[in-house]
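Enquirer: Give the three-dimensional model of this entry:
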Amino acid sequence: MAGDEELLSIVVEQHERRTLIRLRGDLDIATAPQLVDVLGRANSEIVVDLAELEFLDASGLSALARGDANADRHGNRLVVVNASPLAQRMLRLTGLDHLLSASDAF
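Expert: Sure thing, here's the model as predicted:
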């Protein structure tokens, strides 16, 4: 089996007061800990771009929820942009729809 790092690519870009995190691949039980680690190190507003995300499961949703809680504890916020219709539905069904940005513009 390929290494977990090959299943999920995480690109972190620092901007003025924002951290942009671009995800590509699968965010699942095998790769969610990588995202939790990256989100835990961010110390600004966090924008998570899901444009190239191919798969999202409950572990991925949990990672986003943990990142949101961590950001909130530090007076920041986490938003999700470019979520597919399926990812948007999953966020709504799990009560995480407050993470969805009103606009996908960064």
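
Enquirer: quick check: longest strand of this structure.
Expert: strand 45-56 (DSSP state E).

Enquirer: ok, residues contacting it?
Expert: Strand 45-56 is contacted by residues 9, 17-28, 39, 64, 67, 71, 76-84, 86-87, 90, 99, 101, 106 when judged by Cβ atoms under 8 Å, 6 or more residues apart in numbering. Placement of C-beta: from N, CA and C, glycine included.

Enquirer: got it, and stretch 58-69?
Expert: Residues outside stretch 58-69 that contact it (Cβ under 8 Å, 6+ apart): 27-29, 31-33, 35-36, 39-40, 42, 46, 48, 77-78, 80, 90-91, 94, 96, 99.

Enquirer: Out of those, list just those in strands.
Expert: 27, 46, 48, 78, 80.

Enquirer: Low-confidence stretches in this protein?
Expert: 1-6, 103-106 (pLDDT under 70).

Enquirer: Nearest residue to the middle of it?
Expert: In the chain, the C-alpha nearest the mean C-alpha coordinate belongs to Val48, at 4.4 Å (Cα atoms, centre = their mean).
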